[in-house]
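Q: no FASTA, just this:
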């Protein structure tokens, strides 16, 4: 049972980490084109919207990574596990079926 939980935690960590690594790689790979096409040209509304979209997403994802991978105390880890698991549900009806007694039994 504990091996299954650890395997699920590893899969969740990679499911969070991989898309963020791809996003950061894309930002680094296209930085030269961004500098030549956006930063060196006159500022127009489309350039401002592009930059907002690009960097708000990046900052939001970095903030999420810090929150997901920063070590927390045992008391906060239960709350964090519930919030992280809830992100994968899109329907609130499914969320109501989570029984918190099962989550409390996962404590080491």
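A: All right, it came through fine. This one's a predicted model, so the numbers in the text were calculated from it and none came from an experiment. Numbering: from 1, shown residues only.
Q: Can you give the contact residues for stretch 12-20?
A: The contact list for stretch 12-20 (C-beta atoms under 8 Å, 6 or more residues apart in numbering) reads 61-62, 64-65, 68-69, 84. (C-beta placed from N, C-alpha, C; glycine too.)
Q: Give me the buried entries from those.
A: residue 68 (16 or more other C-beta atoms under 10 Å).
Q: ranges for the helices of the chain?
A: 2-29, 31-34, 45-69, 74-87, 92-95, 100-104 (DSSP state H).
Q: okay if I get those as JSON lines plus mean pLDDT?
A: Output for these, formatted as JSON lines (pLDDT from 0 to 100):
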{"stretch": "helix 2-29", "mean pLDDT": "90"}
{"stretch": "helix 31-34", "mean pLDDT": "93"}
{"stretch": "helix 45-69", "mean pLDDT": "90"}
{"stretch": "helix 74-87", "mean pLDDT": "60"}
{"stretch": "helix 92-95", "mean pLDDT": "43"}
{"stretch": "helix 100-104", "mean pLDDT": "41"}
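Q: What separation do you get for residue 1 and residue 19?
A: When distance is defined by C-beta to C-beta, to the nearest Å, residue 1 is 29 Å away from residue 19.
Q: Which of these two has more residues huddled nearby?
A: Ranked by neighbour count (other C-beta atoms under 10 Å), residue 1 and residue 19 place residue 19 first, with 11 against 7.
Q: I'd like to know the phi and psi angles of residue 44, please.
A: Main-chain torsions, residue 44, degrees, to the nearest 10: phi -120, psi 170.
Q: Based on its surroundings, how many neighbours for it?
A: When neighbours are defined as other C-beta under 10 Å, residue 44 has 10 of them.
Q: how about it, what does it touch?
A: No contacts exist for residue 44 under C-beta under 8 Å, 6+ apart.
Q: Sweet, I'm off.
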